[in-house]
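K.L.:
This is a predicted model, with the sequence first.
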Amino acid sequence: TKRVAILISGGGSNMVALAQSMCGDHPARPVLVLSNNPQAGGLAKARGLHIPTMAIDHETYGVDRTGFEAALQKALETARPDIICLAGFMRILSPQFMEKWDGRMLNIHPSLLPKYKGLHTHARALEAGDAEHGCTVHEVTAALDDGPILGQARIKVQPDDTPQTLADRLLPLEHALYPAVLARFACGDRTPVILPA
Ligand code: GAR
């Protein structure tokens, strides 16, 4: 089975969805949940699921990314993941860091990429008057929120939507999409998953 490390910064609901999906004859299993934020609510959830956890606080490393990334790299080298899933991980990783994990790192982003890379995706979709919005799982490359798309899920934007209602409606779809992509990816299948099917 493939070893999966999941990187989080916050509540970790996507991490929980991924972890819970890896059961039975699933081709992968979680070996580490790692957070850059020691206060991340997802760490306790991971411990509740009996997954080893680790916090590497980026704030203790100052403005230079090098020290933080070296610590992260060391933790990952020890965990030896075949696949790394970024799940609400809110630190930008340098191209040098990514090089080591090229082709093995996935990310979920709350927009229909290539639209709205970066932050505040729900507000930006509303401001643009988009009729639909969604989320994307993609392979991580050196460029931010770029890389081959492995899956997308879409929702219709309603006239009374706010950034919060969009986020609330999208999150359950993220929880369906990310495990579906991971299950394929762990078998070497990069055919995009499109939801609703
Ligand atoms: C999710 O909506 C995810 O798509 C988003 O953060 C949330 C994390 O929630 N990711 C990004 O914005 C990445 N730039 P979770 O911690 O409950 O999974």
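P.N.:
Received it, and whenever you're ready, just let me know what you need.
K.L.:
And residue 122, its phi and psi?
P.N.:
phi -70, psi -50 (degrees, to the nearest 10).
K.L.:
my guess is it contacts residue 166, does it?
P.N.:
Yes. The pair residue 122 / residue 166 is scored as a contact, 4.2 Å apart, by CB atoms under 8 Å. Quick note: C-beta positions are derived from backbone N, CA and C, even for glycine.
K.L.:
Can you check which residues contact both of the two?
P.N.:
residue 133 (CB atoms under 8 Å, 6 or more residues apart in numbering).
K.L.:
who's in contact with the residue nearest to the spatial centre of the chain?
P.N.:
Central residue of the chain (CA atoms, centre = their mean): residue 87, 2.6 Å from the mean position. Contacts for residue 87 were tallied using CB under 8 Å, 6+ apart; they are 6-8, 12, 14-15, 18, 42, 108, 178.
K.L.:
Next, check those against the strands and list the overlap.
P.N.:
Members of the contacts of residue 87 lying in strands (criterion: DSSP state E): 6-8, 108.
K.L.:
ok, and the most crowded of the contacts of residue 87?
P.N.:
residue 6 (32 neighbours; other CB atoms under 10 Å).
K.L.:
That one: what's it in contact with?
P.N.:
15, 18-19, 30, 32-34, 46, 84-85, 87.
K.L.:
Also residue 100?
P.N.:
So residue 100 contacts residue 73 (CB under 8 Å, 6+ apart).
K.L.:
which helices and strands does the lowest-mean-pLDDT helix or strand in the chain pack with?
P.N.:
Between all helices and strands in the chain, the lowest mean by mean pLDDT, DSSP states H and E belongs to helix 95-99, at a mean of 93. In terms of contacts (3 or more CB pairs under 8 Å, 6 or more residues apart in numbering; DSSP states H and E), helix 95-99 is packed against helix 65-79.
K.L.:
Buried residues of the helix it packs on, list them for me.
P.N.:
For helix 65-79, burial by neighbour count (16 or more other CB atoms under 10 Å) applies to 65, 68-69, 71-72, 75-76, 79.
K.L.:
Then stretch 50-60?
P.N.:
51, 53-54, 56, 58.
K.L.:
same thing with stretch 151-163?
P.N.:
Neighbour-count burial for stretch 151-163 [16+ other CB under 10 Å]: 151-155, 157, 161.
K.L.:
Ok, stretch 24-36 next?
P.N.:
Buried, per 16+ other CB under 10 Å, within stretch 24-36: 27-28, 30-36.
K.L.:
Serialize those residues to CSV and add fields for distance to residue 196, pLDDT and secondary structure.
P.N.:
Shown next, in CSV, are the buried residues of stretch 24-36 (distance: CB to CB, whole Å; pLDDT from 0 to 100; DSSP: H, G, I helix; E, B strand; the rest coil):
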residue, distance to residue 196, pLDDT, secondary structure
27, 24, 98, coil
28, 24, 98, strand
30, 27, 98, strand
31, 31, 98, strand
32, 32, 98, strand
33, 29, 98, strand
34, 32, 98, strand
35, 31, 98, strand
36, 33, 98, coil
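K.L.:
show me what contacts the residue of the chain found nearest the ligand?
P.N.:
Of all residues in the chain, residue 88 sits closest to the ligand, at 2.6 Å by CB to the nearest ligand atom. If you count contacts by CB under 8 Å, 6+ apart, residue 88 has them with 8-15, 42, 108.
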